[in-house]
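> what's the 3D shape of this:
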Amino acid sequence: MGSEGPKTLTIHVTGFKKFHGVTENPTETIINNLTEYVSKNGLPIGVKLGSCTVLETAGEGVRPALQQMFETASSNCDNESVVWLHLGVNSGAQKFAIERQAFNEATFRCPDELGWQPQEVPIFDDDGEISNTRQTECSAEAILNFLKKKGFDVMISDDAGRFVCNYVYYHSLRFAESKGHKSLFVHVPLFSKIDEETQMRFVTSLLEGIAATC
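Numbers count the residues shown, from 1 in each chain. Okay, the predicted model is just below:
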């Protein structure tokens, strides 16, 4: 019997639109420009940029889009390894943050873009208490070291908050586990803290780091 050959690593990337307090979300700009940026700068052999999706910053409102995105990718992943990379903005941050886990809790500090503001609600009732977590199967430490060697100011975080970022990350981690995929969430600062070109280079290096370590 012949060998099937090495699997292609496909990385699907999402960002968010504006939300309360952030009128211009840098992750929306990054996602909209990422395909062209990668086509010019390239990725390692065997790594493919999959879908690039900008999500509404709304909890329940984003669930149908997530489900469709997951199902579409799953039906087209023969001989592929899949990683879901989610980007969100932390408007108070000065550096990039790799999020190691998500909590089974929706507690929104302000209403999302569809007016929903849950308080201490489990994201999935059958996952137990709101204190329960799911962790990424990507090596946060290895990716951190890879990015630091590239000169980026980056840290590891164990708390992605309880807003829509955490909500999406928890959904993604649960789905990824069910399909044998991997999921990772990374927070970026505003462009006023780290400029757009540096952030584009960071995300491209992040894709390389995922490929090298996951």
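> all contacts plus neighbour counts: C-alpha atoms, from now on.
Noted.
> in the protein, which spans are helices?
26-41, 59-74, 140-149, 164-179, 196-213 (DSSP state H).
> point out the most buried one among these.
Highest mean neighbour count of the helices of the chain: helix 164-179, a mean of 21 (counted as mean count of other C-alpha atoms under 10 Å).
> that one - contacts with which helices or strands?
Packing contacts for helix 164-179, counted by 3 or more C-alpha pairs under 8 Å, 6 or more residues apart in numbering; DSSP states H and E, involve helix 59-74, strand 80-89, strand 101-103, strand 105-106, strand 133-135, strand 182-188.
> so who does the most centrally placed residue in the chain touch?
Residue closest to the average C-alpha location in the chain (C-alpha atoms, centre = their mean): residue 86, at 1.2 Å. Taking C-alpha atoms under 8 Å, 6 or more residues apart in numbering as the criterion, residue 86 is in contact with 13-15, 169, 183-186.
> partner residues bridging it?
Beta bridges link residue 86 to residue 14, residue 185, judged by DSSP bridges.
> picking that back up, any idea which of the helices of the chain scores lowest on pLDDT?
Note on the helices of the chain: lowest mean pLDDT is at helix 59-74, with a mean of 88.
> that one to helix 164-179, inter-axis angle?
The directions of helix 59-74 and helix 164-179 differ by 30 degrees, with axes from the mean of the first three to the mean of the last three C-alpha atoms, to 10 degrees as the criterion.
> so what touches helix 59-74?
For helix 59-74, the external contacting residues (C-alpha under 8 Å, 6+ apart) are 55-56, 112, 114, 116, 164, 167-168, 175, 179.
> go again using 7 Å as the cut-off
55-56, 112, 164, 167 (C-alpha atoms under 7 Å, 6 or more residues apart in numbering).
> now do stretch 141-158
Taking C-alpha under 7 Å, 6+ apart as the rule, stretch 141-158 contacts 95-101, 140, 205-206, 209-210, 213.
> before I go, just wanted to say thanks for your time.
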